[in-house]
Each structure stands twice: as structure tokens, then as C-alpha cells.
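In: return atomic coordinates for the entry below.
(one chain, ligands or ions: 1)
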Amino acid sequence: MIDIHSHILPDLDDGAKTWEQSLEMARIAVEDGIRIMVATPHLFKNRVIDVHQINNKEIILYRITEFRQKLLENNLPLEIIPGCDFPLGLESLELLQDGQVLTINDSRRYLLLELPDTSLPPATEEICYHLQSQGITPIITHPERHFIIQEMPQKLKRLIDLGCLAQITGQSLTGGFGRAVKKFSRQLLKQGYIHLMATDAHDSHHRPPRLGGALTELSRLIGENRARAMVTDLPQRIINGEPCF
Ligand SMILES: [Fe+2]
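Out: You can find the predicted model right below:
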């Protein structure tokens, strides 16, 4: 399997804190059958917009090189691809224009787009359209956990109609974020609003990098072929910078 959303690199955000934790997460992922992980630290180190505290391309790529070496030394067969968790906002967009933001695999074709926790700014559609016009497809992360989308799923449909993709978190489907989120996840999946599933792993205990259990659940809901594609073929196309459909 391929995981396109993870906070596995250490000491960059609220994910892994140390190399030991990163390696422990890598062990869990490998055991679970994940063979490729896209490391996607939050663009702003503390998840607060501060242009002096950013995880720019250079910082993330350096950390990736270090991690690859450590995985080799520890005989962990996990491939790490660079990426970033990009928050919706004008400051982020300026950094993207400036070439400081790492898109998935640095291809400038796909970008994880995190909506604000409790709002859906009116400019969201315009920003998504703007990104698309530059050849970058936004991947809306965990819409099932977004308060406004829970109330108004048609807002997500609008973004998908604009060409955005949507990524569900595996743990949402297995109940890790509560019953309401699980139920809403199932609804979005049945409506065909979800294209990808990822771990959004932050640590080895509460939010570990596992997809196996969620894949079983997903297969029951939408059939094995479509479920598998969400954690294999489609993520691979995204990493390759190829069209998904
Ligand atoms: Fe994330």
C-alpha cells in the first residue's frame, strides 16, 4: 500500500518528535503492508501561520535524505517520498508562488490541501480553481472531520466538481474519531466523494501509520477493487504526477 499523508519526519510539526519515533512509525507501517509513504509535514511548524516558521522545500528534502539513510541502516523496506500538508490561506499561496512549498514528490501536480479546522472561507473555491489553472490538483484532506462539510456535504461536492480530489483518514473509518465521523465517512464514500485513503499518522500509539483494518472496512463498503485503488493505483499516479482519471 501507499500512504500519501503522514507526519513521520521528526521535529518539524506535531508529528514524530525524534528519529526513534519516526523509525518506530516506519516499523508499524511496514508490518501493516505499507511500502511507500509520502512524508507531509505541516507547512507551518506550529500549525500557526508564521512565515518565519515554515517547513520549506529545503528543510523537508534534507530531513528526507537523512530518514532514507536511517531506514537503510535499520533494514526497513519503506520508501519515503517528499510532500507537505498545505493549509488554505493567502500566506501559504504566496510561499507556493515563491517556490518554497513542496508539492507531492516535488512535481507541482498534486498538493495536500488542509482546510481551516472550523471554517470554510468563501475564497476556497477560487483558490482551488487558481491552483488547478496552474496545473496543481488540490487533494482535500480528511473532509469527514470538517465541521462545515459535515453540515453541508454539497460544499465538498462543489470542490470535487472543480477537479479537486478528497482523501479520507483510515482511522475515521475504523471509529478512531468517534461514531459520528465514522458514519459521515461511510456516507461520503457511498456518495462517491472520496478518492483516496491515507493514515495522516502523527505517532505510533494514538494515530499510527496503519491502513490494513480500514482497507477491510473500505472494501466492504465500496468493493475490493475500488478500495484497493484508493491505497495503491491512485496514490502511485499522484506520486508519478500522472492524471488520476
Ligand atoms: Fe496532516
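In: got the buried residues for the longest helix along the chain?
Out: Across the chain, the longest stretch assigned as helix under DSSP state H is helix 57-73. Going by neighbour count (16 or more other C-beta atoms under 10 Å), the buried part of helix 57-73 is K57, I59, I60, R63, I64, F67, K70, L71. To be clear about C-beta, it is placed using only N, CA and C from the backbone, and glycine gets the same treatment.
In: ok, the first one - contacts?
Out: If I follow you right, that is K57. Applying C-beta atoms under 8 Å, 6 or more residues apart in numbering, we find K57 in contact with G99, Q100, V101, L102, D106.
In: can you rerun that using 7 Å?
Out: Residues in contact with K57, defined by C-beta atoms under 7 Å, 6 or more residues apart in numbering, are Q100, V101, L102.
In: out of the residues you listed, who's the most crowded?
Out: Most neighbours among the contacts of K57, by other C-beta atoms under 10 Å: L102, with 26 neighbours.
In: and that residue, what's its pLDDT?
Out: According to the prediction, L102 has pLDDT 97.
In: that one against E58, yeah?
Out: No - using C-beta atoms under 7 Å, L102 is not in contact with E58, being 9.1 Å away.
In: in a strand, I140, correct?
Out: Yes - applying DSSP: H, G, I helix; E, B strand; the rest coil, one finds I140 inside a strand.
In: if it is in a bridge, with which residues?
Out: Beta-bridge partners for I140, by DSSP bridges, are L113, A166.
In: quick one: neighbours of it, just the number.
Out: Residues lying near I140 (other C-beta under 10 Å) number 26.
In: for A123, see how far away it is.
Out: Look at I140 and A123: by C-beta to C-beta, to the nearest Å, they are 15 Å apart.
In: now do N74
Out: 44 Å.
In: re the thing from before, make CSV out of the contacts of K57 and add secondary structure and distance to the ion.
Out: Listed next are the contacts of K57 as CSV, based on DSSP: H, G, I helix; E, B strand; the rest coil; distance: C-beta to the ion, whole Å:
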residue, secondary structure, distance to the ion
Q100, coil, 19
V101, coil, 15
L102, coil, 14
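In: ok, the residues you listed vs R27, which is closest?
Out: Using C-beta to C-beta, L102 is the member of the contacts of K57 that lies nearest R27, at 24.9 Å.
In: who are the contact partners of the closest one?
Out: Taking C-beta under 7 Å, 6+ apart, we find L102 in contact with K57, I60, P82, G83, C84.
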